[in-house]
Structures are given as C-alpha cells and as structure tokens.
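Asks: what follows is a predicted structure for the sequence shown.
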Amino acid sequence: MSANGRKAIFITGAASGMGRETARLFHAKGWFVGGFDVNDAGLATLKQELGADNCLVRRLDVTDRQDYAAALEAFGAATGGTMDILYNNAGIGRGGPFADQPFEDVLAVVNVNLIGVLIGIHSALPLLKATPGSMCFTTSSSSATFGMPDIAVYSATKHAVKGLSEALSVEFKAYGIKVADVLPGLIDTPILPPGAVANAPKEGLFRAIPPMEVAKVVWEAYHADTLHWYVPPELVELDKAATLTPEAVRDQFAGGMPFLNPDAASVG
C-alpha cells in the first residue's frame, strides 16, 4: 500500500470508538490512514471497510518503543517519510476508589495513557518535522479539567497530556508543527462500562455524545489554531471553574456521578 501523495494520519486506538470514527472521516476526506491498536479483530474490519489501498493497519502496543518504531517505519515507507497528523488516541481506564485499586492497574493506566503518548510523540517527531503544516493531536479528557473521583489515576494521566500539549505547542512552533488536544466528556465508546450511556443525563455537560463528534474536532483542529477542544463545547466552563473556584467544583463532585458505576473506565 502507498499514500500516493495523499495527506496521511497516524491514529492509535484506531480499532474502535473515537479512533475508528476519525479513520472513517479522514478516509472520506481522501486521506491515507494509518490505523494502530491492540485489537486485531477491530483492525481487520477497519482495513476491510477503508480498503487495503487506502490504509495501513497494524497491531501496536504503544508502551513498547521498539514496536512503535517499527510501526512508524512502516507508515513512513507508505507515505514517503511524511506524517500530516499524529493522533495519540489510545487509552485505557481502570476505575474504582484509589485505595482499592491494585497497583498493577495504576501502572497500566499510566503506561498506556501517558508513557504511550510520550513514546509516540518523541518517536514520530522526525516524520512530523519533515511534513509542512503537520499536527500533533492528543486525546485528553474532561477529567483533565478537575480530577474526578473513582478515575483518579486516569484523570491524572489526562491532566499530564493536557499540560504536555500546552508545553509542546510552544516548543514545536520552531518546527512548524501545530499541537492541540481534545477534552471529551461522556463519549459512547467501548471504554465505558455497561449501562453508563443509558444512565447518563439527557442534557448537560455529561450527556452521551457519539464518537464522530470527536472525529470532527480532529478535522477542525487541523484547519484551525486552537489548542484545547472541548466536546461538548460547554466543558470549557468547567475548566474555567476548576481554575477559579476549585473548592466549589470539588464539592459538586462530592455528590458523585451515578451514571458511572464503580468500575467506570473513563468519561472521555
């Protein structure tokens, strides 16, 4: 397969949810898609859907630097050494009260959600630098506005990638690379526990939203100069409140989020 001069996007966590919808959208826009995940079955159906001439799909463990390097080498070979967008979307969530979490779960969330992003950006930088107008885009979370109970470690990793995006948005200007992230709320994806969407409020900040809405933001971000994108847009008000009146936000969250059960994976 070859990009044949088309713009190209590299998506982690592409087999389902927001990553898969992003692959579909960019394919529809005429882009060459690199889809990477640990979900082999999902990748197989993605390849079938997009067509073998329009994509490169490959299993990728984002926590493995050697595996990531091999995936980037294959992608670069298909695109002629370019990458228009790196979309760091792969993530996992293991919830519950922090005091009750096995430490192995804590480390797994940190390794995928933060270390995997660091590996990806650091390793893909040569391809991004070689591509005029490229963008480094990362999935953060609404839980990066204020640390949310029962997903404390997940929330911490998403705060980290939000801060990373801010810092790199300054540093990468020297290379002509744009940096941005998205802070999704409750997105209807497989990462959520059973019943979360059905029990979610019908309106407000944490209403259930289709993953295609996040995919649309990736497209918009490539054509704009906005650092943080919120899905839904009203989440920006929570971000502001968390900065200005964190105690008030803390007391709000003390009431709980009943639509997420104790095993909730994430809210975005």
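Replies: Good, I have the coordinates.

Asks: tell me what V182 is bridged to.
Replies: On the basis of DSSP bridges, V182 is bridged to T139, W229.

Asks: correct me, but it touches P232?
Replies: No: between V182 and P232 there is no contact under Cβ atoms under 8 Å: 11.4 Å. In short, each C-beta sits where N, CA and C put it, glycine included.

Asks: neighbour count winner among those two?
Replies: Using other Cβ atoms under 10 Å as the criterion, V182 and P232 rank with V182 on top: 28 against 17.

Asks: for that one, give its distance to A174.
Replies: Between V182 and A174 the computed distance is 24 Å (Cβ to Cβ, to the nearest Å).

Asks: and the next helix or strand past the helix or strand harbouring D67?
Replies: Secondary-structure element containing D67, defined by DSSP states H and E: helix 65-79. Next helix or strand after helix 65-79 toward the C-terminus (DSSP H and E): strand 85-88.

Asks: what does that next one contact?
Replies: In this structure, residues lying in contact with strand 85-88 by Cβ atoms under 8 Å, 6 or more residues apart in numbering are 7-12, 19, 22, 26, 116-117, 120-121, 124, 127-128, 134-139, 161, 218, 222.

Asks: out of those residues, which are buried?
Replies: Among the contacts of strand 85-88, those that count as buried by neighbour count (16 or more other Cβ atoms under 10 Å) are 7-12, 19, 22, 26, 116-117, 120-121, 124, 127-128, 134-139, 161, 218, 222.

Asks: just the ones in helices from those, please.
Replies: When helices are assigned by DSSP state H, the members of the buried ones among the contacts of strand 85-88 inside them are 19, 22, 26, 116-117, 120-121, 124, 127-128, 161, 218, 222.

Asks: adding pLDDT and distance to E104, write those out as a markdown table.
Replies: As requested, those are exported to a markdown table (pLDDT from 0 to 100; distance: Cβ to Cβ, whole Å):
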| residue | pLDDT | distance to E104 |
| --- | --- | --- |
| G19 | 97 | 25 |
| T22 | 98 | 30 |
| F26 | 98 | 35 |
| G116 | 98 | 16 |
| V117 | 98 | 20 |
| G120 | 98 | 23 |
| I121 | 98 | 25 |
| A124 | 98 | 28 |
| L127 | 98 | 33 |
| L128 | 98 | 33 |
| V161 | 98 | 21 |
| V218 | 98 | 32 |
| Y222 | 98 | 37 |
